[in-house]
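J.: Structure for the following, please:
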Amino acid sequence: MKIIQTFWSGEIEPASPFKIQAGWLSPEYNWMSWALSCLLLTRHYDRVELYTDEIGKKILIDILQLPYTDVHIIFDGSFNIHPKLFALAKIKTYSLQEEPFIHIDGDLFLWRPFPDSLLNAELISSNLEVNLFFNKEILEEMEQHFQTIPKHLKGVCHHENIFSSNAGIIGGSNISFIKHYCKEAFGLIESNAEKLELVKTGVLNCLIEQVSLFYLSKQEGVKIKYYIQKPVDHPLYQDHWRFADVPDVEMIHPVAGCKKELYVLDHLTERLRLEFPEFYYKILRLCKKESSVLRSKLYTFLDLDNIKDKKDLQIPARFLEMLDPKISEMNKVDFERLFERTLLTIEHYFSQSIGNLVELSSFVQKKGIPLQIKEVYDLEMQRKKLLQNLIKQIKKGKIYNTERLHYKKTANFFLEPNWIKKQVAHKKKIKVLDLGRNWDFQIEKNKTVKLNEIFTVKTDSHLVTLNYNLLNLEIQETYHNGIDALVMKCVKKPKTILQLLVEIREFFEDDFSVDNPEYQRLVFDTIKRLSFANLLAIH
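T.: Take a look at the predicted model:
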């Protein structure tokens, strides 16, 4: 089977192609995504081809040297489309195929080959989507503004249920239908060219590629074979970016906003480093050289040009040779940023401004200062101390390899016969706090409302952890509830997983044994996820 991918740079200036983010939080993740997607495919298939433009060839082929078996330059000056209609680039690729194929998006990762039943199908899609809100919205906008609407899409916006076929994976052997489908997509855009600005152009991609695929195939009587059998009804594809399940997972596909989720970004980074380290360091080196701002801040203090071997940074002496002494300046983090919530709380409660740490410490120790202020001050002081300790550990040279091995060990933690005999404990250097209030302001739009709540609502118990994120040079603050909180509380001292299973079982109302497979799977998933989060160690 011919496996193909499409990279279209759009209207990016040739002088800055390495700054292409393609929806990711920063450019490094875009290129890591392309590398991981391609490299995993070439594990399973002898024929993996790229359809691209000159910029794509320059970066993916000439510079990164990804192992595509062939490259086709199909996007040039004559390919003149709306810059946000990236789906048309993919559809152009589909239209050129003359033999059975499967197209894979550059943000989709496969750790196992496709089953034969999929390879032999007339029409292939990764999964069915049901009632995703944006599909209904774009269908309604199309009905309202477009002059020409194809027969298979007319009136669909009024259906009780609206379906679409996700094109993260698309292809098949019915080439005549696929060409017809491509012609319909281009026809819809060309016949309504003057009306495109009246609709959400970004979501229009979903209409012409995915909604149209479902309803055109239904109209023409061509059955779609889905790779993932369970339909998706959540726009963030929550079940399809579970990196913790690799390799026991059908696919990972972080769509849209998932590309900014820290969980996804950290796993993408660690996975590429674990499985394809030479490409990982090459991407970091090139992005840094092109003056792209790396979210992986540690590498801004490492001389990546002098890495001669993928094991270099694992050796403490070599790590320290490449470490910039300026990393000590990380301890001079802006006072107002470090104690943002404490200062905000004091200003809210006392209408008073504080200018430095000495002044803040003196203020908090005064008589009559509310417990709320003391609590958030202690929380942010703990973060400050932990960041200082992280820098100290980095300057010793061993922590890089220690953290790398921790991820590798967690990745190799499976439900094998003796898994319950392993021990779990809190990872060294983390802080576990029991707070009376929830100080998580990250998702708050109105912080004043949050502060009023903190000062009026009765205190509760909030289990909070602080831990290192080495690569991003930051301290992660996590609020835990449910089984996560239970596990963190129960493993303050090392214990076997069997002991943990017995202890946690007492908190469940349902009557089941410790040997219950679903219960064991739940605890296993929790342990592995918390270990990946750098909170637990498995021995």
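J.: where does this structure have low pLDDT?
T.: Under the criterion of pLDDT under 70, the regions of the chain flagged as low confidence span 11-15, 442-445.
J.: mind running it again at 80?
T.: Counting by pLDDT under 80, the ranges of the chain that qualify are 11-16, 291-292, 333, 442-446.
J.: what's around Glu194, how many residues?
T.: Glu194 has 8 neighbouring residues, counting by other CB atoms under 10 Å. Just so you know, the C-beta spots here come from the backbone N, C-alpha and C atoms, and that holds for glycine as well.
J.: Tell me how far it lies from Thr148.
T.: As judged by CB to CB, to the nearest Å, Glu194 and Thr148 stand 11 Å apart.
J.: What segments of the protein are strands?
T.: With DSSP state E, the ranges of strands along the chain come out as 2-7, 48-52, 70-73, 101-104, 123-130, 163-172, 224-226, 423-426, 431-435, 462-469, 474-480, 495-496, 536-538.
J.: For Ala87, find the nearest of those.
T.: In terms of CB to CB, the element of those nearest to Ala87 is strand 163-172, at 7.6 Å.
J.: strands paired with that closest one, and their directions?
T.: In the sheet, strand 163-172 lines up against strand 101-104 (antiparallel), strand 123-130 (antiparallel) (DSSP bridges).
J.: Buried residues of the longest one, list them for me.
T.: Neighbour-count burial for strand 123-130, counted by 16 or more other CB atoms under 10 Å, picks out 123-129.
J.: Report the contact partners of Pro254.
T.: With CB atoms under 8 Å, 6 or more residues apart in numbering as the criterion, the residues that contact Pro254 are 107, 237, 240-241, 261, 264, 268.
J.: Ok, Glu278 next?
T.: For Glu278, the contacting residues are Lys310, taking CB under 8 Å, 6+ apart as the criterion.
J.: how close does the most centrally placed residue in the chain get to Ile283?
T.: By CA atoms, centre = their mean, the chain has its centre lying nearest to Val264, at 2.2 Å. Distance check for Val264 against Ile283: by CB to CB, it reads 17 Å.
J.: do Glu143 as well
T.: From Glu143 across to Ile283, the span is 44 Å (CB to CB).
J.: More neighbours: these two, which one.
T.: Counting neighbours by other CB under 10 Å for Glu143 and for Ile283 shows that Ile283 has the greater number, 25 against 15.
J.: quick one: that one and Met32 touch, right?
T.: Yes - Ile283 lies in contact with Met32 (CB atoms under 8 Å); the separation is 5.7 Å.
J.: which neighbours do those two share?
T.: Counting by CB under 8 Å, 6+ apart, the residues touching both Ile283 and Met32 are Leu272.
J.: Tell me who's in contact with the closest residue to Leu298 other than its chain neighbours.
T.: Of all residues not flanking Leu298 in the chain, Leu471 sits nearest, at 5.2 Å (CB to CB, 6 or more residues apart in numbering). Contact analysis of Leu471 by CB under 8 Å, 6+ apart lists 266, 269, 296-299, 403.
J.: Between the residues you listed, which sits nearest Trp24?
T.: The shortest approach to Trp24 among those belongs to Thr269, at 11.4 Å (CB to CB).
J.: Any idea how many residues pack against that closest one?
T.: By other CB under 10 Å, the residues close to Thr269 number 22.
J.: repeat for Pro417
T.: Neighbours of Pro417 (other CB under 10 Å): 6.
J.: Can you pull the phi/psi pair for it?
T.: Here the main-chain torsion angles of Pro417 (degrees, to the nearest 10) amount to phi -50, psi -40.
J.: who are the neighbours in contact with it?
T.: Contacts were defined as CB under 8 Å, 6+ apart; by that measure Pro417 touches no other residue.
J.: That one and Thr410, how far apart?
T.: Using CB to CB, one obtains 19 Å as the distance from Pro417 to Thr410.
J.: Lys282 now?
T.: Applying CB to CB to Lys282 and Thr410 gives a distance of 25 Å.
J.: Could you check which of these two has the larger neighbour count?
T.: Neighbour tally, Lys282 and Thr410, criterion other CB under 10 Å: the higher count belongs to Thr410, 21 against 18.
J.: Report the spatially closest residue to that one, excluding sequence-adjacent ones.
T.: Ser531 (4.3 Å).
J.: need the contact list for that neighbour.
T.: For Ser531, the contacting residues are 406, 410, 413, 424, 427, 537-538, taking CB under 8 Å, 6+ apart as the criterion.
J.: ok, and the most crowded of those residues?
T.: When neighbours are counted as other CB under 10 Å, the busiest of the contacts of Ser531 turns out to be Val424, with 23 neighbours.
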